[in-house]
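Visitor: prediction below, plus the sequence it came from.
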Amino acid sequence: VRGLYVCLPTQSGTPLNCPILTRSSLVNLLTKHTMSTPLKVLIFGKHGQVGGALLRQLTHPSTLVDPERYEVIATDIEDVDLTDNEATASLVLETKPDWVLNTSAHTAVDKAESEPELAYQLNATAPETIAKACHKIGATMVHYSTDYVFDGSSKTAYLETDEPNPQSVYGRTKLAGEQVVANNLPQHFIFRTAWVYSSGGKNFVNTMLRLARDRDELKVVGDQFGSPTLADDLATATIEVMQQVVALGSSFDDPAYGIYNATGSGYTSWAGFSEEIMRQSGNDQVSVLSIPTEDYPTPAPRPAFSVLDNSKIKQRFGIQLDEWQSALRRCLRQQS
């Protein structure tokens, strides 16, 4: 669904196709007419970048969302301990949501190397518990995964069907999470994303901006490539998918469930990302020195090339996340 168009005559006699509803507006309209009661959405990880973006967008009026059509239950560590499987399952079973959006995860890539059991609990066991509970109540689950499920040896962007080969504890536990969700719940979406950042919180963009206040030169790895992804854009894509599925109702094609890549469009290196951050933030006096990975050793290995091909989500849902440079510009404007 691309939108609705009206044909208007012109003086030349050639019809002019004018859009009167965008795709998101149309889906929002259809959703309103297919939802007799508010859609109940349970979010795990409301304090995280993606969870926070989802909470904001689902509870504030926009061209995409009418908050009256949603009942949002947002949780984090103070509400439920994801190392407690019984409590996690009980939350889902007692609230009985229509959709569960699981943004919680152990995302400290290097720290995961020294605490693999906790990483597995948060990245695999907890999602499995949530998926099994969703199956009992007939809920649909969205789970977020990572480019780190790949080893980074490819020379072309990874498809959803490419064979994973994670090289870190983080990557292995996230892949395990994908598998247990898929094995326990038919109606699931797994969004693989990468290099997530937002205007607030701890992330690469804010780290570079902080360092730029005290340094004239930044040494940044230049031989690792990926796609920066604005959390707001990933949240918007999630809501658009949810709305399309709800609007289609029982006619939604079950095989369309599954794994989708969802990252910002285009790709760059960490050094290239840093250079653009400096340029757009007005820190042109700060130079970025590109260094090889071997000059910046870390406990967990990083994939050298983890660009994801986003064709599937565009073809199935008409969704394409913004170019990473444009998304960065919007993020920095939010901070100013």
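Guide: On my side now, so go ahead. Values in this document were obtained by computation on a predicted structure and should not be read as measured data.
Visitor: every contact and neighbour count from this point should use C-alpha atoms.
Guide: OK.
Visitor: tell me, how many residues neighbour the nearest residue to residue 277 once chain neighbours are set aside?
Guide: With Cα to Cα, 6 or more residues apart in numbering as the measure, residue 205 is the residue that lies nearest to residue 277, at 6.9 Å, once sequence neighbours are left out. The number of residues packed around residue 205, counting by other Cα atoms under 10 Å, is 23.
Visitor: please renumber so the chain begins at 490
Guide: Right, with 490 as the first residue, what we last looked at is residue 694.
Visitor: the strand or helix carrying residue 694: what's the following helix or strand?
Guide: Counting by DSSP states H and E, the element that carries residue 694 is helix 693-701. On the C-terminal side of helix 693-701, the closest following helix or strand by DSSP H and E is strand 706-710.
Visitor: please export the C-alpha coordinates of that following strand as PDB.
Guide: These are the backbone C-alpha positions of strand 706-710, laid out as PDB (Å, rounded to 0.1, in the frame of the first residue of the first chain):
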ATOM      1  CA  GLU A 706      41.800  14.800  17.500                       C
ATOM      2  CA  LEU A 707      39.800  11.600  17.800                       C
ATOM      3  CA  LYS A 708      41.200   8.200  16.900                       C
ATOM      4  CA  VAL A 709      38.400   6.000  15.600                       C
ATOM      5  CA  VAL A 710      38.400   2.600  13.900                       C
END
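Visitor: run through who's touching it.
Guide: Counting by Cα atoms under 8 Å, 6 or more residues apart in numbering, strand 706-710 makes contact with 700-701, 758-760, 763, 775-782, 785, all of which sit outside it.
Visitor: what about the strands in the protein?
Guide: Per DSSP state E, the chain has strands spanning 492-497, 505-511, 528-533, 559-564, 588-591, 629-635, 677-682, 685-686, 706-710, 714-715, 718-719, 747-750, 757-758, 776-780. These are given in chain order.
Visitor: residues making contact with the helix holding residue 694?
Guide: When contacts are defined by Cα under 8 Å, 6+ apart, helix 693-701 is touched by residues 686, 687, 688, 689, 707, 763, 766, 767, 772, 775.
Visitor: I'd like the residues you listed laid out as a markdown table, including neighbour count, pLDDT and distance to residue 546.
Guide: A markdown table is the format used below for the contacts of helix 693-701 (neighbours: other Cα atoms under 10 Å; pLDDT from 0 to 100; distance: Cα to Cα, whole Å):
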| residue | neighbour count | pLDDT | distance to residue 546 |
| --- | --- | --- | --- |
| 686 | 21 | 98 | 16 |
| 687 | 27 | 97 | 14 |
| 688 | 20 | 95 | 15 |
| 689 | 14 | 92 | 15 |
| 707 | 18 | 98 | 34 |
| 763 | 26 | 98 | 28 |
| 766 | 23 | 98 | 25 |
| 767 | 20 | 98 | 28 |
| 772 | 16 | 96 | 31 |
| 775 | 18 | 97 | 35 |
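Visitor: residue 799: which of the residues you listed is nearest?
Guide: Distances from residue 799 to the contacts of helix 693-701, taken as Cα to Cα, are shortest for residue 686 (18.3 Å).
Visitor: pLDDT wise, what is residue 515 at?
Guide: At residue 515, the model reports a pLDDT of 50.
Visitor: just the pLDDT at residue 661, thanks.
Guide: In this prediction, residue 661 has a pLDDT value of 98.
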